[in-house]
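Visitor: Here is my input; please provide its structure:
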Amino acid sequence: MRQDLVLTHAYRLAEDVHERRYMKPYPPLGLLSLAPYLKRDGFGVDVVDCTFDSRARHLDRLARCDAPVLGIYANLMTRGAALDLIRVGRAWGRWIVMGGPDPAENAAEYLAAGASVVVHGEGERTLAELLPALDRAGTQDLASIAGLSFLDADGRCFRTPPRPNLGNLGDLPWPDREAIDLAPYLDCWRRHHGRSSLNLVTARGCAWRCRWCSHAVFGHRHARRPAADVADEVAWLHDRFRPDQLWYADDVFTASTRWLRDFAAEMRARQLRLPFECITRADRVDDEVARLLAELGCYRVWLGAESGSQRILDAMERGITLAQLRRAADALRRQEIAVGMFVMWGYPGETRSDIEATVAEVARIRPDRCLSTVAYPIRGTPYHAEVADRIVALKPWQAGSDRDHAIRGRRSKRYYAAASRLLQARLALAVARRPSEGGIRWRAASGALWGIARARLAMRLRAWEREA
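Guide: Here you go, the predicted structure:
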């Protein structure tokens, strides 16, 4: 069968220093979802998953794929590797089609770097129209296809009107996980964590409008697959691959309580209960939601706290309150579900008082885990527009990502690293003081107190450095 398209991405685990500390890789579901849709329409599609490849092996596998079009998914962390693939693919004489959030927000730059076309939004129907057009006339016959950017005859970036989102997600085929080798993923999880894990999605998009979050692919909408369809997929995954747990990779897994009820009923009817973790919002968790999650097998929920200062949450347009965050954590704990939290430092207007409030709030809630990051402006978001005149690129665009910027007037990365140490030390002290564990555990408490003192001193020193 003739091959029309080879799909790949630009993520290689060996090049990701951060992820190698955690070793929790997952298959590229986006590409694995595109492939069966296009195959159903009669196209020949290969998928080359490079997560466990070296660069040389990745390129060798791509070179052996006999397809005129190379489709590459890229995000803000894989930009450099994606640009490398563009150069190689063009040297092979392939059409290069880019997709993903980073190309969608930087279409002109990707086209200038050699990409033939950038796809905006969902790619299924767009690619189904694009592939025959490229076969007929190359990029000279694309203006009528919605959801694209390409260079016109004068070398300018031309963007066609946006394509409406897909309607019924239940009509989509499941990701073609058998198009790639899943064994390295399962083995990696077992080797490093003692259990295997696979990912799946039950929805697309997020209807909320946090100012720092990118909606470049799915826009501001939330579309859900039928509960029975998801339960059928879970049953198939269980029978075919026997994962020890699942990761529901939705932006907001508990967005709809009614859907969650239906899903729990479908899983109950199949006598299925697989351990899993997920992400959601604090305002979408109450006692009923926590009970349904526990019934389904959830062992950890990650809550996007972002800040312990209500003033900063409001500035982010986060749409949650600290009271909701506390109630959600309490509801989950009553069902013996672990609570994870995400915190973001450095949002515009944040002061040391806001940082102290965040540290205090985390210590009050006592999540089982808390991860922190420094706010970074992603092109296309309201946050990026707000600070655009203060952004200083630390690397050339081709060599960096949206994280490789400094923002004039903001504290240094070392300051926020000290804030993270303070948070972790305060959290350790709060855990040591849990009443349910019989009061203070002195060894843990003394270490936490020492950590708090050191972190506060480091924050003061970094502040003095900035002011000097």
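Visitor: mind showing which ranges of the stretch 301-450 of the chain have poor pLDDT?
Guide: Counting by pLDDT under 70, the stretch 301-450 of the chain contains low-confidence residues at 402, 434-450.
Visitor: Please enumerate the helices of it.
Guide: Secondary structure of the stretch 301-450 of the chain by DSSP state H, counting those that start in this stretch: the helices cover 310-316, 322-334, 352-365, 382-387, 413-432, 442-467.
Visitor: again, but for the stretch 1-150 of the chain
Guide: Taking DSSP H, counting those that start in this stretch as the criterion, the stretch 1-150 of the chain contains helices spanning 29-40, 55-63, 79-91, 101-105, 107-112, 124-137.
Visitor: ok, now which ones touch the closest residue to Ala399 other than its chain neighbours?
Guide: Of all residues beyond its chain neighbours, the one nearest Ala399 is Gly80 (5.9 Å), with distances taken as C-beta to C-beta, 6 or more residues apart in numbering. Every C-beta, even on glycine, is put in place using the N, C-alpha and C of the backbone. When the contact criterion is C-beta atoms under 8 Å, 6 or more residues apart in numbering, the partners of Gly80 are 398-401.
Visitor: thinking again about what came up before, closest to Gln245 out of the helices of the stretch 1-150 of the chain?
Guide: Distances from Gln245 to each of the helices of the stretch 1-150 of the chain were compared using C-beta to C-beta; the shortest belongs to helix 29-40, at 16.3 Å.
Visitor: How far off centre is the closest one?
Guide: What separates the centre of helix 29-40 from the centre of its chain is 19 Å, taken as C-alpha atoms, centre = their mean, to the nearest Å.
Visitor: what is the orientation angle of that helix with helix 124-137?
Guide: Using axes from the mean of the first three to the mean of the last three C-alpha atoms, to 10 degrees, the interaxial angle of helix 29-40 with respect to helix 124-137 works out to 60 degrees.
Visitor: List the buried residues in helix 29-40.
Guide: Buried residues in helix 29-40, defined by neighbour count with 16 or more other C-beta atoms under 10 Å: 29-39.
Visitor: Next: stretch 184-191.
Guide: By neighbour count with 16+ other C-beta under 10 Å, stretch 184-191 contains the buried residues 184-186, 188-189.
Visitor: one step back: how much space between the residue nearest to Ala399 and Arg261?
Guide: According to C-beta to C-beta, to the nearest Å, Gly80 stands 45 Å off from Arg261.
Visitor: What of Ser401?
Guide: Distance of Ser401 to Arg261, given as C-beta to C-beta: 40 Å.
Visitor: neighbour-wise, which of the two wins?
Guide: The neighbour count for Ser401 versus Arg261, taken as other C-beta atoms under 10 Å, is higher for Ser401 (17 against 14).
Visitor: In this structure that one contacts Ala74, no?
Guide: No: look at Ser401 against Ala74 with C-beta atoms under 8 Å: they stay out of range, at 10.1 Å.
Visitor: and for those two, which residues touch both?
Guide: When contacts are counted by C-beta under 8 Å, 6+ apart, Ser401 and Ala74 are jointly contacted by Asp102.
Visitor: What is the neighbour count of Ile312?
Guide: By other C-beta under 10 Å, neighbour count at Ile312 equals 23.
Visitor: pretty sure it contacts Val343?
Guide: No: the criterion here is C-beta under 8 Å, and Ile312 misses it with Val343 at 10.6 Å.
Visitor: Show me whatever sits in contact with both of the two.
Guide: Residues touching both Ile312 and Val343 by C-beta under 8 Å, 6+ apart: 306, 358.
Visitor: domain parsing for the chain?
Guide: Following automatic domain parsing, one gets these domains for the chain: 5-158, 182-467.
Visitor: Just send the ones you listed back as JSON lines, with distance to Asn168 too.
Guide: Conversion of those to JSON lines gives the following (distance: least, C-beta to C-beta, whole Å):
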{"stretch": "domain 5-158", "distance to Asn168": "12"}
{"stretch": "domain 182-467", "distance to Asn168": "8"}
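Visitor: Which among these is found nearest to Leu166?
Guide: Judged by C-beta to C-beta, the one of the domains of the chain that comes nearest to Leu166 is domain 5-158, at 5.6 Å.
Visitor: so how far is that closest one from its chain's centroid?
Guide: Mean C-alpha position of domain 5-158 versus that of the full chain (C-alpha atoms, centre = their mean) differs by 18 Å.
Visitor: any idea of the mean pLDDT in it?
Guide: For domain 5-158, mean pLDDT rounds to 95.
Visitor: What is the end-to-end distance of it?
Guide: Distance between the boundary residues of domain 5-158 (C-alpha to C-alpha, to the nearest Å) amounts to 23 Å.
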